[in-house]
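> Here's a sequence, model it:
(one chain, ligands or ions: 1)
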Amino acid sequence: VSRNPAEPEFHQAVNEVLDTLEPVVGRHPEYIDAKLLERICEPERQIIFRVPWVDDTGEVHINRGFRIGFNSALGPHKGGLRFHPSVSLGMVKFLGFEQVFKNALTGLPIGGGKGGSDFDPKGRSDNEIMSFCQSFMTELYRHIGEYIDVPAGDIGVGAREIGFLFGQYKRITNRYESGVLTGKGLSWSGARVRTEATGYGTAYFVQEMLAANDHGLEGRNVVVSGSGNVAIYAIQKVHQLGGRVVACSDSGGTVHDPDGIDLALLRQIKEVERARIAEYPERRGGKAVYVAGKTVWEIPCTVALPCATQNELGADDARTLIESGVVAVAEGANMPCRPEAVRLFREAGVLFAPGKAANAGGVATSALEMQQNASRDSWSFEHSEQRLHEIMRNIHADCFETAEEYGHSGDYVLGANVAGFSRVADAMLAFGVI
Ligand code: NDP
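Okay, the predicted model is just below:
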């Protein structure tokens, strides 16, 4: 803590992982001798930079940009960029640390990284977003590359922002280096299913987890927090798999639609109009309600998918969910459940899938985008989705079997941490002390 002051999210993420590694380091004293636990918690590099830009009224703004290359034992640094006023060094380090294990779980050749800025895109015009992205890339371009570090989107960074970032990279470097960023548009080297991948992957993981524990998704009531990229496509896939999502939310409140969320309407409001979900009930003809200040956890369900942001689900929310009979919780977002909530779920026998396993579909599909870019190829939607489905099945099996192997059957947190850590640790050992 004294070495990394004022980084509470990073401490939380490190504690959560280290708490579960005892069984594996017990079997592998060479990890201790090589100081792998200490090494894996120290990012390979951290870049902090100034991002000056001018708004539509001519006012100058100064934001702070970050890029952390956390670990490249398995491949180039890989992870998203987050644009949100809460972004700080500690937050980027927590996300980068998680990313290392998540990327290892995909089984694909990608290391872990993360970045972003405390820039707030809410209410900004397209021109302002472009101005910010161009300034951000004017510094970032010298630190990234197909074989070095490959950023992608995250909160506040979607296809529009990736477009502005890629355009500036191309302009500065004079290279059409498609593999330098993922999450690109389909007409300019993007990959099918990338937009849907994280949400779809979370739904597939839940399906696997329920099936492995004698439950099914068919006919189950599901709640999903958030109404952004991950939430929207988790809702779509849950519906396709036979579940019914009865609630979603944003930072202002919750929509409750007992007949099941009308996805076409939600997408129109969020993706086309970039408006707020408070508008949903009226346009749904009064079949739904929106309650300001309420969370989705208050709505009875069998499956809960936190898909909004870190630490959004606390101990009281966990108690409410347990009382309402929740059977499974899977993290579509990164670290949305507080440690006390995770403990309560596990004690109550609720199946719990940590984000580094349940939301790995996004980065896995980004790695598939890199494969397509490297081979100048473009796969069909069906083929890409099949690959995603297979990857999520493998991640589930990996977590499930690792937990069994270490005598902690059904403990997906331990399974994910141990499986991810072992893969990275073995590669680091092979490279010697670097
Ligand atoms: P978006 O920016 O598209 O959406 C975030 C959503 O969460 C918005 O609807 C936002 O509402 C809502 N939200 C924010 N805070 C709260 C809160 N306290 N309570 C309820 N809703 C809230 O981001 P993404 O969907 O891309 O990412 C969501 C999470 O998933 C993040 O943790 C991200 O790191 C993680 N993730 C994303 C991946 C991806 O491929 N996109 C990959 C892996 C993980 P509002 O508009 O009001 O802020």
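
> Could you tell me the end-to-end distance of stretch 111-127?
This stretch, stretch 111-127, spans 33 Å end to end (CA to CA, to the nearest Å).

> Which helix or which strand is home to Glu38?
Remark: Glu38 resides in helix 36-40, with elements defined by DSSP states H and E.

> what's in contact with that helix?
When contacts are defined by CB atoms under 8 Å, 6 or more residues apart in numbering, helix 36-40 is touched by residues Leu18, Leu21, Val25, Tyr31, Asn71, Val100, Phe421, Val424, Ala425, Met428, Leu429. From N, CA and C alone the C-beta is placed, and that goes for glycine too.

> burial measure for Leu429, as a count.
Per other CB atoms under 10 Å, the neighbour tally for Leu429 reads 16.

> again with Arg175
12.

> Torsion angles phi and psi at it?
Recorded main-chain torsions at Arg175 are phi -130, psi 130, according to degrees, to the nearest 10.

> gap between the residue nearest to Pro23 when sequence neighbours are not counted and the ligand?
The shortest distance from Pro23 to any non-neighbouring residue, by CB to CB, 6 or more residues apart in numbering, is to Tyr406 (4.5 Å). Here the distance between Tyr406 and the ligand works out to 26 Å (CB to the nearest ligand atom, to the nearest Å).

> Glu38 too?
Distance, Glu38 to the ligand, by CB to the nearest ligand atom: 26 Å.

> With Gln236 instead?
Distance from Gln236 to the ligand, by CB to the nearest ligand atom: 13 Å.

> before we move on, the earlier item: wait, doesn't the residue nearest to Pro23 sit right on Asn417?
No. Counting by CB atoms under 8 Å, Tyr406 stays clear of Asn417, with 10.4 Å between them.

> between these two, who's got more neighbours?
More neighbours surround Asn417 than the other of Tyr406 and Asn417, with 26 against 19 (other CB under 10 Å).

> How about the contacts made by the more buried one?
If you count contacts by CB under 8 Å, 6+ apart, Asn417 has them with Glu16, Val17, Thr20, Leu21, Phe101, Pro354, Lys356.

> Could you report the pLDDT at the residue nearest to Arg338 when sequence neighbours are not counted?
Computed as CB to CB, 6+ apart, the closest residue to Arg338 that is not its neighbour in sequence is Gly314, at 4.9 Å. You'll see Gly314 listed with a pLDDT of 98.

> Spit out the contact partners of Gly314.
Contact analysis of Gly314 by CB under 8 Å, 6+ apart lists Arg338, Glu340, Ala341.

> any idea how far it is from the ligand?
From Gly314 to the ligand the distance is 11 Å (CB to the nearest ligand atom).

> what do you get for Arg45?
Noted for Arg45: a distance of 21 Å to the ligand, by CB to the nearest ligand atom.

> How about His143?
Relative to the ligand, and taking CB to the nearest ligand atom, His143 is found at 21 Å.

> mind listing what the longest strand seen in the chain pairs with, with the direction of each?
Secondary structure of the chain per DSSP state E: the longest strand is strand 60-71. Partner strands and pairing direction for strand 60-71 (DSSP bridges) are strand 45-54 (antiparallel), strand 112-117 (antiparallel).

> Now do that strand: distance to the chain's middle.
How far strand 60-71 lies from its chain's middle: 18 Å, per CA atoms, centre = their mean, to the nearest Å.

> swap in stretch 224-232?
Put simply, stretch 224-232 sits 11 Å off its chain's centre (CA atoms, centre = their mean).

> for stretch 359-372, same thing?
12 Å.

> how about Lys294, secondary structure?
Three-state call for Lys294 (DSSP: H, G, I helix; E, B strand; the rest coil): coil.

> Tally up the residues packed near the closest residue to it other than its chain neighbours, please.
Spatial nearest neighbour of Lys294, chain neighbours left out: Thr254 (4.5 Å); criterion: CB to CB, 6+ apart. Neighbourhood size, Thr254 [other CB under 10 Å]: 23.

> For Thr254, what is the enclosing helix or strand?
Here Thr254 sits within strand 253-256, counting by DSSP H and E.

> Name the residues of this protein found near the ligand, please.
153-156, 198, 225-231, 249-252, 307-309, 312, 332-334, 359, 362 (CB under 6 Å from any ligand atom).

> Recalculate using a threshold of 5 Å.
154-155, 198, 226-230, 249-251, 308-309, 312, 333-334, 359, 362 (CB under 5 Å from any ligand atom).

> returning to that earlier point: residues of the helix holding Glu38 that come out buried?
Neighbour counts using 16 or more other CB atoms under 10 Å place Leu36, Leu37, Arg39, Ile40 of helix 36-40 among the buried residues.

> Please apply the same query to stretch 365-384.
Per 16+ other CB under 10 Å, stretch 365-384 contains these buried residues: Thr365, Ser366, Ala367, Leu368, Glu369, Met370, Gln371, Gln372, Asn373, Trp379, Ser384.

> Please, where are all the helices along the stretch 301-434 of the chain?
Secondary structure of the stretch 301-434 of the chain by DSSP state H, counting those that start in this stretch: the helices cover 315-323, 339-347, 355-358, 361-374, 381-405, 412-431.

> As CSV, could you dump the C-alpha coordinates of the second one?
Read it as helix 339-347. This file holds the C-alpha atoms of helix 339-347, laid out as CSV (Å, rounded to 0.1, in the frame of the first residue of the first chain):
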residue,chain,number,x,y,z
PRO,A,339,-15.6,-8.1,-1.9
GLU,A,340,-18.2,-8.4,0.8
ALA,A,341,-20.9,-9.1,-1.8
VAL,A,342,-18.8,-11.8,-3.4
ARG,A,343,-18.3,-13.4,0.0
LEU,A,344,-22.0,-13.4,0.7
PHE,A,345,-22.8,-15.0,-2.7
ARG,A,346,-20.2,-17.7,-2.1
GLU,A,347,-21.5,-18.4,1.4
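
> Fine by me, we can end here.
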